[in-house]
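Return a 3D structure for these sequence lines:
(2 chains)
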Amino acid sequence: MKTLARLVRLWRLYTYLDFMLMTRSLKLFVTFLITDTIFNIAAVTATLLLAERFNGIGAWSKFQIVFVVGYATLVGGLLDMFFTYNILFISRRLGRGQLDHVLIQPQSIWMAFFTEGFNPFTASGSVLVGSGLMIWAGMKLQISVSFLWGVSLILNVLSSMAVVLSFAFLWGSLAFWAPRAAEEITTPLIRIFSNLKSFPFDGLGPLLLAGVTVIVPVAFMAWYPSRYLLGLDASITGATVTPLAALVISVFAVLVFRKGLEHYGRTGSQRYDDLGHRS
Amino acid sequence: MLRKYWKTAALEATGYIGDDPMFFVQFIFRFLRVIVLLSVWRMILANQEINSGMSLAAVLTYTLIGEVFHEQLNPQTGLAWALLRGKIAYSMIQPIGLVEQFSSKMVGHWLFNFALFSIPLLLISPLLGVTPTPVSLTVAFLFMLSLLLCISVGVALDFIITALGMVYFEQTIYAIERVRTALTLLLSGAIIPLAFMPWNLGEVLAWLPFASTASAPLKIYTGTGDPWFTIGVQLGWSIILWPLSHWLWESNREKLVSFGG
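You can find the predicted model right below:
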């Protein structure tokens, strides 16, 4: 309870800081809001254009694709909202020797990571766009929204976020051992998620499906959850696969990150670059 | 005479491998991304012989070659970051012009990626069920010409957008860069061929300078566009954009350097 109260207190603090950053200059605020929105729309426009051109993709109808795109945008937007300042791109912080910024704070590393990257105003654009697309698709598809469906949606969104974040931490931890070479290792990873998050993977063979499920679990960012939420896979497996994946990957990520921390405790970092952290 | 450019490129190319072979992991992720993209196209175009003038085989080749030449089709010099971080000051005191210096660095970056990603991808492409070769030798020659013009247009755009971004959005150049990258990828036809855009959007976009980057050489390579018309449009944009870029840099030079320093 005490931890939760501190979490909320820190989020409130960073909300204020983000608000101050935005209101410092109207031009700055508008530029950030517009560019963020354009970036996130552009990232999914290719899929939407293909869905429009071919009246859907594979077995998915046009508005089912809009739902997938909206869901993926919402998850991406929430990750941007909660884990910016290179928390998501953790290898940059580790590779640049910026972990010490966190270690000298009178709080746990996890508390810092869960709060320091919070910027609700700057990153609101894509959350709004994603939510809007989901509502639009939901209305067109006449989804019957029940309490249980709402809970499933929230659980799946949180799980999708956990999958991406954990995967970034899992691989990003390599920067503990190779700060120069692995500094940007999360960049191509997140790029894969950005590029492929809004495509349905129904037509993939078993080997490739394993690739997007296990090797780079991009299928959990929107495809698996959307299948369940749209009623295309109403089985128990469909309902639980994304939360279970989130759990498994999170455990692995924590173990590897802790191992990296132990290594860091012995060696520290010989590099330092001040770019990118919350200052 | 070319030694200084080559040395700059070589420094950039070898900078990656000074620490640890861990950098190799990122290329595995890139390979996986290409394989999934090819599968997605197969799914979208299943049971469609020809669509918008492009067969499935042509689309697969378009996607694969787009990834092989990804850096060349979307050339970025890194100038914006140098300005943002003040590193432009070091560049200004080196005995080599800015355009040549940043272009050399860019080429060095390409060499590294070409050796570790592009060539292996080309080699394994038959295993992925993609024909990587152009339709004829003439087309191969025209593709190289178009690729050079694509780089010319891309670098000019990079200098123009950076100059404008630094002057008018100096505190948000990171955001501007993100948007530039996302829009360029979309409007240039790097992600989906312009022919597959709905509402005839592709025909309009084909006239923009962005299409003179990715779309133009890839259309030529896959034999799905009129090469001479495409090259003509690229040449036209190159002729328009380079003087504009030069003028913008000359008129904003002092302001840009003051931000950078």
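
check contacts around residue A:195.
Going by C-beta atoms under 8 Å, 6 or more residues apart in numbering or on different chains, residue A:195 touches B:33, B:37, B:191. Heads up, the C-betas are built off the backbone N, CA and C, glycines and all.

Just those residues: which are in helices?
B:33, B:37 (DSSP state H).

tell me, which of the contacts of residue A:195 make contact with chain A?
Among these, the ones lying near chain A by C-beta under 8 Å from any C-beta of the partner chain are B:33, B:37, B:191.

what about the second one, distance to residue B:64?
In other words, residue B:37. Using C-beta to C-beta, to the nearest Å, one obtains 9 Å as the distance from residue B:37 to residue B:64.

give me the element the most centrally placed residue in chain A is part of.
With distances taken as C-alpha atoms, centre = their mean, residue A:79 lies nearest the centre of chain A, 3.7 Å away. Using DSSP states H and E, residue A:79 maps to helix A:62-82.

Check the burial of the nearest residue to residue B:192 once chain neighbours are set aside by counting its neighbours.
Using C-beta to C-beta, 6 or more residues apart in numbering or on different chains and skipping residues adjacent in sequence, the residue nearest residue B:192 is residue A:46, 5.1 Å away. Close neighbours of residue A:46, defined as other C-beta atoms under 10 Å in any protein chain shown, add up to 20.

Can you list the helices and strands that the helix or strand containing residue A:46 packs against?
In the assignment (DSSP H and E), residue A:46 maps to helix A:26-53. Applying 3 or more C-beta pairs under 8 Å, 6 or more residues apart in numbering or on different chains; DSSP states H and E, one finds that helix A:26-53 contacts helix A:2-23, helix A:62-82, helix A:124-141, helix B:173-187.

if I look at the spatially closest residue to residue B:241 that is not a sequence neighbour, how far off is chain A?
Excluding the flanking residues, the one nearest residue B:241 by C-beta to C-beta, 6+ apart is residue B:156, at 3.8 Å. Here the criterion is C-beta to the nearest C-beta, to the nearest Å. By it, residue B:156 lies 22 Å from chain A.

quick one: is the helix holding residue A:79 near chain B?
No - using C-beta under 8 Å from any C-beta, helix A:62-82 stays clear of chain B, coming no nearer than 10.7 Å.

Need the residues that contact the following helix or strand past that helix.
Following helix A:62-82 in sequence order, the next helix or strand is helix A:90-95 (DSSP H and E). If you take C-beta under 8 Å, 6+ apart as the criterion, helix A:90-95 is touched by A:86-87, A:98-99, A:168-169, A:171-176, A:178-180, A:182-186, A:260, A:264, A:269, A:271, A:275-277.

Around chain A, pick out the residues from the stretch 101-250 of chain B.
Within the stretch 101-250 of chain B, the positions near chain A by C-beta under 8 Å from any C-beta are B:169, B:171-172, B:175-176, B:178-179, B:182-183, B:185-186, B:191-192, B:196-199, B:201.

If any of the residues you listed are buried, put those into a ChimeraX selection.
To isolate the buried subset of these in ChimeraX, counting by 16 or more other C-beta atoms under 10 Å in any protein chain shown, use the following:
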select /B:169,172,175,176,178,179,182,183,185,186,191,192,196,197
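
Just put the ones next to chain A among the contacts of residue A:195 in JSON lines and tack on distance to residue B:26 and pLDDT.
Formatted as JSON lines, those follow (distance: C-beta to C-beta, whole Å; pLDDT from 0 to 100):
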{"residue": "B:33", "distance to residue B:26": "11", "pLDDT": "83"}
{"residue": "B:37", "distance to residue B:26": "17", "pLDDT": "86"}
{"residue": "B:191", "distance to residue B:26": "20", "pLDDT": "82"}
